[in-house]
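Asker: no sequence on this one, just coordinates:
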């Protein structure tokens, strides 16, 4: 027979799958001998059974009866006993902490028949009726789903009638009336009476917890956090202890280290004579935890001992909920505590240096996302700076600029040189130009999957969403305290915390970045020291090399400082812009081979210098140079602009250019004459580039350098395309006396499907996962990310943009097929990735598992990639890194 | 030890791989006891050895000596013997007949030492010196690669000196001088003397044949005909027999049936006192074969007997080369003869009805390409109509129209209502607009892979390329007889034969089409009767169902007549054009849900009628309706047009439209907001369409019909997209009381990669191989077919446009993966294809092998698809259908 309900004395912290996080940790604390109130856990398996069949498992009712009976024995009281009733709390607890689910119902067991028994038991009649009032109110709201405000109104009425202003001033009679009123409200709203049978209360609550797993908010939360829908939640039934039984009682939260900085010590807050919900309601101010030591040293010392026990047992920062009932400490919950990015590094490194955890484990205690957050500049807000609003931190960074409320105006002001923060109620595709022009984006509506959030993350622009204390209008906004902010007023937006400030908040550079830049660890800087410890381990562990995508010597040098050991993608198209646009125009308009050759000759000289610069900045390391990829018409004016110009300022030159642009115009340039196709149609172009690379390498070699160019052909779809270009390339390299690997991007689905054949002509494959994603999904990133990705995230088509994180089941499968089949045909084939996914922590794990040799990403992401590549090695495959 | 040289008495017709086509058939004729001159064949294996190592196999020289010695014994003469020399011909012969390779060198064995021996042997001194002259000339040109014109000039000089005008009037002395002159030319041009050792002549010739396998023309031919490069050619060494030994000698070609119509009988041509090359040179006129019966009944009857033997042995039309030497028949070559499309059908059906071959074999004797050619209208040229030029028939059909020599003018004249034939020396992407506007395309340069040919085939426009007798100028062209054709003159262009006529040639409809339309077989029409016989067998054999792509009731009815059993793709976008464009504009510009719903309401009524029409035309058969696919901005004016209009004719309305167009503009619309994405973003649109389908079906059912709609969702890339639309769809169908399968296009690579997951929500998959090709190759057909496909065919990147024939190793592999994995997850999954490949014979074989249930193609291709689907079943997998 399956066991669906376990006493706390069974189970342990590793049974989160079955008992949920809360239940597993209660069991663990019980096992450790800590003062946990008696109780038991109904398993997630029971929940899954309920959700799939609509009924609890048949065995559950008998098992709950048995466990409850044990609980009654332990507490010495019986549920529903009129004289000395047992009360219990019912608390949900899934594997992963999850807002949106029903949380807690306290005081289950109180009813008309038992309330006086509680009054006698506690010697406090007002306490008993207040507890009953709380039960009925919570039950109505969370179990029966009644709107909360009708109960708030009833309380306000009662206070008015009693002529008092605070809840706590309502006396026993007023509370008795309130309970009566609440029960009537339930009957009116639901057609059923509040259940007087405590067992009935218990069962209704248990089922409500089960059902809340599928509440809309819970489903949405799981989708954005990628928590599987099929886990289900556990339910914990715990004997009630009371923090509101007088001044020697109270409730609090505690942390074994500072969750903001990671410093050791006992941190937390305490509220005397209160239950947990009172802390949340913020009726009275909490006191810092250490003050409890002054008022109740016994309980405080017991708590400190419990905290020590927990931290050395969990070997990590623990956060704790506790209650003191008439001087006696009760532990209600613990878990490995959430923390800031800085604390995560500091704690992991400290625990490692304290010998509590190994260096490998320390490495798994931090995340690439945390490191990346530490690399953004942050606000250095003065002590008294208070945000006027706080929203969802949707894309990190610190943005300061003039508030602008309209996309077109944002473009205008940005063009005029202003730093702009675009403020909108919510954004839509029409706002894209303004979003692109802005330093930061602020909306009063929407969450992490809103249009603004999706687009901002895609562009790397700081964004705060859903700051709903702000009322945003067409040309101004109002804060909740009535301040009006007009266009042109400076505001500051914190993409890490969601805080919005009026005025300019000073920004300070990241100490972590300066550590990466210089390699120096200041004596006193615990954070930088911690990052250093962790990065050393990551570099020691990783198998993947990390290269950078860099197009200039400057970028290459920066990438080297950040730890890149090569360039995985040097794009050459940027080298055709600026002054050289003129040359490209001449190339395109050339009508004879002589004209064309003349232009190519000029370009050769310029390109050679480009390559000398970048190869010498990466001396001794591979530099993968991609031959020209974009269609040539991208270097010409747009068809719309030149068509309009031909009408407004007609001239022969414009006509000629219009004709060329029209001839070269493409419906879908991404699927047009670009990449290797361009190379094959204008052979002189690639030959010029290869010669420039070869001559640059030859020059550096002559000067004693160690240039290591690798030549990469873009957009290959068929083996023969590569074979032809490879043949040209090899013969030019021979002429120049240089040897260099020749390889290809794998960025077109057909290339992945025919990788074995292509491998015959390639020394390396570099997966262009941006284009591979675009072609596999039939998505043009420019067109779709701003137009429907937000909707797609909401609809759950994907949990995260496939441009941000590799879609392993579709695009990743193509990568895996091409890797396997390419290597099978040519075992020495070198494999890398140079799409943006090369800097994404989750994607890097996939690339590690797929057996690639390196990842390449923007210089700024190099440290994150190094970290993630190390983690991919040390993580046990069954570990849970969420 | 490997045998590299086989006597004709070994081997048979099935050894083409080893002996080449010519050698295998010579061996077969020898085995049949037909009078073949003695000889032997050097194998393709020897050639492959030579090509890979640069040397003939070591054993070859000894083996050739042995075979030659046997040949000498059989002929009773010795190579190089001064008194009675043996002469041989050396002829190439690959597995597939292949222009571009060296063909034949006759009279090998003649030299200064043997020429007089031949004179004595033949009793004809002039014959001997003429034979020597021919050898030296052929050897110089084909073995040594000297330019032919220097020899022609020397002959002209000799004739001038002798005061004669024809080669045959040169006497022995003149020929002796010519031989001397030729030998001097060789020495001058090559620095080596003409080899006087007959064995040296033989070996040089053999190696030249080997090398000619890799001549530029041969390589190009193989590429376009998709003949593998690694086959190599065989070499046949045959004892010389002479057709030029007087009036009782001669040479000819014969066919066992008429290769034009397929009628039984002896057809062919004969030329007395001549060698084969004289026939080709056309110096004298040949006589019809049957006249040989009058002049030499013995030889003629021997030939007729040989023809009978061959036809009953080969069970097919044979073509034969023969020589009569002083009254004695010699068979020099035979093969299964080439024939017209009409003859192919007529012969296959006749042989079947004669009991010579089975119905299955008859089915394999024709091709889908032949059937498709028979379905085009053809010219009904009067007897005296002679083409002014003949080019390469590059895209079939019969085009009549005014000649226009400029793309822009072609567009103008077509817009003015003229039928236009665009004439260009060669075309390039700038000519695209004119090519689209034209009924036919004619060029004086380029072959089957030229830009004009590739684009014309892609568009289905009649095209003749490379008609090099025409001199095409900027606004007129001149024929070889000096006729000038100006813009506006009517010309007629035959895409089946390559013929170009001045003036209007009457066009007659295809009798095969009228057979398909009516099902009637006229008593006297052998062709239609034959087509009927073959089609019945194809329909009896095939496993694949054939559906049609049809968007209107009219198309659907036509498709039914052509044998389609359902519609595999009914596009709904055409239903949004014409008058209804106004509604789409209103839909796009709608600013409120009410406005949008109002438009959708109007569209619902119209769409319902659309679906009633098409469902009733296909009553009882499935009709797969694809929900709207193209981006909505396709229904609006282009951004360029409206931008220019906003400048030239500004108005508020234009501004509003411009704003909308700008907002909806996409960089790459093919990868933008279309297909299911559009459906998910404007849910009312798909819901309206589904409701219209359901109501149409309900109405027809109420009237006693049997409508069978199937609802197809386009551009699905992720299972969840389909799941959402399916849920809506099923609930609307339920409301309307209709049940219908709901499935999806598989047209995006990711859909193929995740087909198992998608299959959970799909009743059927229909492979959209057009888009799948576009996405897999990253090709936008509109952009690339006209810009670089021609170059890609030349470069051998692909042997045929992947839009014309499924690229099985890339795109086909995706189809196979999706089919297998979809079926594995959902065994009852119905599978079809609705891209244009559904009507392509080669692709259909692949779809059959992949296990699809049906193919769907344009109504006109339905008979071809039926035929190919039948062939796919009966062809043995090892059969060679080239």
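Answerer: Sure thing, it's come through. Because the structure is predicted, anything quoted here is derived from the model rather than measured.
Asker: Which pLDDT does the model give residue A:279?
Answerer: Per-residue pLDDT puts residue A:279 at 68.
Asker: Next: the one 3 residues further on.
Answerer: At residue A:282, the predicted lDDT confidence score is 58.
Asker: residue of the stretch 351-500 of chain A with the smallest distance to chain B?
Answerer: residue A:430 (5.7 Å; CB to the nearest CB). Bear in mind the C-beta positions are built from the backbone N, C-alpha and C, glycine included.
Asker: Spatially nearest residue to residue A:130, not counting backbone neighbours?
Answerer: Spatially, and ignoring its direct neighbours in sequence, residue A:130 is nearest to residue A:175 (5.4 Å; CB to CB, 6 or more residues apart in numbering or on different chains).
Asker: How many residues are close by the one you found?
Answerer: Neighbourhood size, residue A:175 [other CB atoms under 10 Å in any protein chain shown]: 25.
Asker: Could you do residue A:109 as well?
Answerer: 26.
Asker: Looks like it contacts residue A:87 (just checking).
Answerer: Yes: counting by CB atoms under 8 Å, residue A:87 is a contact partner of residue A:109 at 4.2 Å.
Asker: Find residues that contact each of those two.
Answerer: residue A:240 (CB atoms under 8 Å, 6 or more residues apart in numbering or on different chains).
Asker: re earlier: give the next helix or strand downstream of the strand or helix carrying the residue nearest to residue A:130.
Answerer: Per DSSP states H and E, residue A:175 falls inside helix A:172-190. Per DSSP H and E, helix A:172-190 leads on to helix A:198-212 as the next helix or strand towards the C-terminus.
Asker: Remind me what that next one packs against, helices and strands.
Answerer: helix A:44-53, helix A:60-75, strand A:78-79, strand A:88-94, strand A:104-108, strand A:233-239 (3 or more CB pairs under 8 Å, 6 or more residues apart in numbering or on different chains; DSSP states H and E).
Asker: Could you list which residues are in contact with residue A:153?
Answerer: No contacts exist for residue A:153 under CB under 8 Å, 6+ apart.
Asker: Next, work out how far apart it and chain B are.
Answerer: Distance, residue A:153 to chain B, by CB to the nearest CB, to the nearest Å: 34 Å.
Asker: Scan chain A for its longest helix.
Answerer: The single longest helix within chain A, with elements called by DSSP state H, is helix A:593-617.
Asker: Check which residues of that helix are buried.
Answerer: Using 16 or more other CB atoms under 10 Å in any protein chain shown as the test for burial, helix A:593-617 gives A:596, A:599-600, A:602-604, A:607-608, A:610-617.
Asker: That one: what's the following helix or strand?
Answerer: Helix A:593-617 is succeeded, C-terminally, by strand A:622-626 (DSSP H and E).
Asker: just checking, what packs against the next helix or strand after that next one?
Answerer: Going down the chain from strand A:622-626, the next helix or strand is helix A:639-648, by DSSP H and E. Counting contacts by 3+ CB pairs under 8 Å, 6+ apart, helix A:639-648 is packed against helix A:652-664, helix B:639-648.
Asker: Indicate which one of the ones you listed is closest to residue A:122.
Answerer: Using CB to CB as the measure, helix B:639-648 is the one of the helices and strands packed on helix A:639-648 that comes nearest residue A:122, at 76.3 Å.
Asker: Pull out the buried residues from that closest one.
Answerer: Using 16+ other CB under 10 Å as the test for burial, helix B:639-648 gives B:639-640, B:642-646.
Asker: can you tell me which residue is nearest the centre of chain A?
Answerer: Centroid check for chain A by CA atoms, centre = their mean gives residue A:369 as the closest residue, at 6.8 Å.
Asker: Please name the nearest non-neighbouring residue to that residue.
Answerer: Excluding the flanking residues, the one nearest residue A:369 by CB to CB, 6+ apart is residue A:841, at 6.5 Å.
Asker: burial measure for the residue of the stretch 351-500 of chain A closest to chain B, as a count.
Answerer: For residue A:430, the tally of surrounding residues (other CB under 10 Å) stands at 13.
Asker: can you give me phi and psi for it?
Answerer: phi -60, psi -20 (degrees, to the nearest 10).
Asker: Report the separation between the residue nearest to residue A:369 and residue B:299.
Answerer: Using CB to CB, to the nearest Å, we find residue A:841 at a distance of 88 Å from residue B:299.
Asker: In a strand, residue A:422, correct?
Answerer: Yes: the assignment for residue A:422 by DSSP: H, G, I helix; E, B strand; the rest coil puts it in a strand.
Asker: tell me the contacts of the closest residue to it other than its chain neighbours?
Answerer: Computed as CB to CB, 6+ apart, the closest residue to residue A:422 that is not its neighbour in sequence is residue A:438, at 4.0 Å. Listed by CB under 8 Å, 6+ apart, the contact set of residue A:438 reads A:399, A:401, A:404, A:410, A:414, A:420-422, A:461.
Asker: Find the pair from these with maximum spatial separation.
Answerer: Spanning the widest gap among the contacts of residue A:438 are A:404 and A:461, at 13.9 Å by CB to CB.
Asker: more neighbours, these two?
Answerer: residue A:404 (26 against 23).
Asker: how many neighbours does residue A:13 have?
Answerer: Residue A:13 has 21 nearby residues by other CB under 10 Å.
Asker: And the pLDDT for it?
Answerer: Reported pLDDT for residue A:13: 91.
Asker: what's the distance between it and chain B?
Answerer: Residue A:13 is 35 Å from chain B, by CB to the nearest CB.
Asker: which one is that residue nearest to, not counting chain neighbours?
Answerer: Here the residue nearest residue A:13, using CB to CB, 6+ apart, is residue A:28, at 3.9 Å.
Asker: tell me the mean pLDDT for stretch A:288-304?
Answerer: Per-residue scores along stretch A:288-304 average to 94.
Asker: So what would you say the end-to-end distance of that stretch is?
Answerer: End-to-end distance for stretch A:288-304, by CA to CA, to the nearest Å: 14 Å.
Asker: Which positions within that stretch qualify as buried?
Answerer: Buried residues in stretch A:288-304, counted by 16+ other CB under 10 Å: A:289, A:292-293, A:296, A:299-300, A:302-304.
Asker: Please flag which of those sit within helices.
Answerer: Judged by DSSP H, helices contain the following of these: A:292-293, A:299-300, A:302-304.
Asker: would you turn those into JSON lines with distance to chain B?
Answerer: JSON lines is the format used below for those (distance: CB to the nearest CB, whole Å):
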{"residue": "A:292", "distance to chain B": "51"}
{"residue": "A:293", "distance to chain B": "55"}
{"residue": "A:299", "distance to chain B": "52"}
{"residue": "A:300", "distance to chain B": "53"}
{"residue": "A:302", "distance to chain B": "52"}
{"residue": "A:303", "distance to chain B": "48"}
{"residue": "A:304", "distance to chain B": "50"}
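Asker: All set, thanks.
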